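Colleague: need the 3D shape of this:
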Amino acid sequence: MKKYAAAFAVLCAGCASQTGVIDTGSGTYMAAKQAATGFPGLGNLKAELVQEAMAHCKARGKDLQLTNTTETQPPYILGNYPRVEIQFSCK
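Modeller: Numbering: from 1, shown residues only. Here you go, the predicted structure:
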């Protein structure tokens, strides 16, 4: 049974979606990430996106400035999985 649970976890992790950093014009960017299930919660998703944004700005020799964040609200069922979107600029 443990083998099936581990295989299921690996498959679900592969189903998560992420946009990567998208240039929205005028020096602003956005990134979004959604979990494959309702179990992970929002904390890790948001932290991963902020780290990605920081790396994006650091590669340009600038600092991250978050301008907006949007998060889904529970209950995380029937396709309403944890999703975070951030908007930011590099200053």
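Colleague: contacting residues for the residue nearest to the spatial centre of the chain?
Modeller: For the chain, Lys33 is the residue whose C-alpha lies nearest the centre (CA atoms, centre = their mean; 2.9 Å). With contact taken as CB atoms under 8 Å, 6 or more residues apart in numbering, Lys33 is in contact with Ala16, Ser17, Gln18, Thr19, Leu45, Glu48, Leu49, Arg83, Val84. Using the backbone N, CA and C atoms, a C-beta is placed for each residue, glycine as well.
Colleague: so what's the closest residue to Ala35 other than its chain neighbours scoring on pLDDT?
Modeller: In space, and not counting its chain neighbours, Ala35 is closest to Pro82: 4.5 Å by CB to CB, 6 or more residues apart in numbering. Confidence per residue is given as pLDDT, and for Pro82 that number is 92.
Colleague: same check on Pro74?
Modeller: The predicted local confidence for Pro74 comes out at a pLDDT of 87.
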